[in-house]
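Student: I'd like to go over a predicted model; first the sequence, then the structure.
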Amino acid sequence: MSRNGLGPRMRPIAFSKYDIALFIDEKGKTRWSHLLKEFVENGLERHISRQKLSNYLKELCNEGLVSKTIDKKALMLRMVWRVYPIYVVPRDRKKRIEEIRKRKKIYEFVDSANPEKIEKLDEVIRNLEETEEEGIQTKS
């Protein structure tokens with residue numbers, strides 16, 4: 001076993017672009033330097049490169065999950081400070097972020113569950129599928 005508790009061939013799960021969107025949502029508004037500290041220069045085995053972080057931010061902006069804007073205070077004081085962009089999650093995308101958060105929680109549960117919990121989960125899924133099939137048959 002390696003020192004992080006994973007098997008010798010298993011690597012830590014890398015950050016996804018949705019991890020970045022969730023971080024931005026939790027902080028409210030985030031600067032590039034905050035993202036670097038959290039995802040690139042965090043001192044952990046789980047990190048990404050600057051280029052990957054930049055690409056993920058571009059993808060998130062293109063999807064509309066994250067907006068790149070200018071801090072209004074910094075813009076007013078631009079003679080004193082250099083104006084850097086900030087990243088925020090638009091209000092109309094909060095519902096999508098919550099969906100992503102729920103899915104991530106479910107995936108983490110499944111990844112870390114013991115065989116007994118997986119069996120219970122499988123049983124619940126089968127029951128839901130049966131109930132759904134019965135509902136479809138009664139509508140027909």
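Tutor: The structure has been received and is ready for your questions. In this text, all values refer to a predicted model and were calculated from it rather than measured experimentally.

Student: give me the element residue 48 is part of.
Tutor: Secondary structure from DSSP states H and E places residue 48 outside every helix and strand.

Student: give the contact list for it.
Tutor: Contact analysis of residue 48 by CB atoms under 8 Å, 6 or more residues apart in numbering lists 14, 15, 39, 40, 56. Quick note: C-beta positions are derived from backbone N, CA and C, even for glycine.

Student: next up, phi/psi of it, please.
Tutor: phi -130, psi 170 (degrees, to the nearest 10).

Student: any idea of the pLDDT on it?
Tutor: For residue 48, the pLDDT comes out at 87.

Student: any figure for the gap between it and residue 56?
Tutor: Per CB to CB, to the nearest Å, residue 48 is found 8 Å from residue 56.

Student: for residue 23, same thing?
Tutor: Going from residue 23 to residue 56 by CB to CB gives 11 Å.

Student: have a look at the two and say which one is more surrounded.
Tutor: The neighbour comparison of residue 23 against residue 56 (other CB atoms under 10 Å) goes to residue 56, with 21 against 16.

Student: residue ranges with poor pLDDT in this protein?
Tutor: Scanning the chain for pLDDT under 70 picks out 1-13, 73-83, 137, 139-140.

Student: show me the domain layout of it.
Tutor: 1-89, 92-140 (automatic domain parsing).

Student: and among those, the most buried is which?
Tutor: Most buried of these by mean neighbour count (mean count of other CB atoms under 10 Å) is domain 1-89; its value is a mean of 14.

Student: for the spatially closest residue to residue 118 that is not a sequence neighbour, give its distance to residue 98.
Tutor: Nearest residue to residue 118 in three dimensions, chain neighbours excluded: residue 110, at 7.3 Å (CB to CB, 6 or more residues apart in numbering). Distance, residue 110 to residue 98, using CB to CB: 19 Å.
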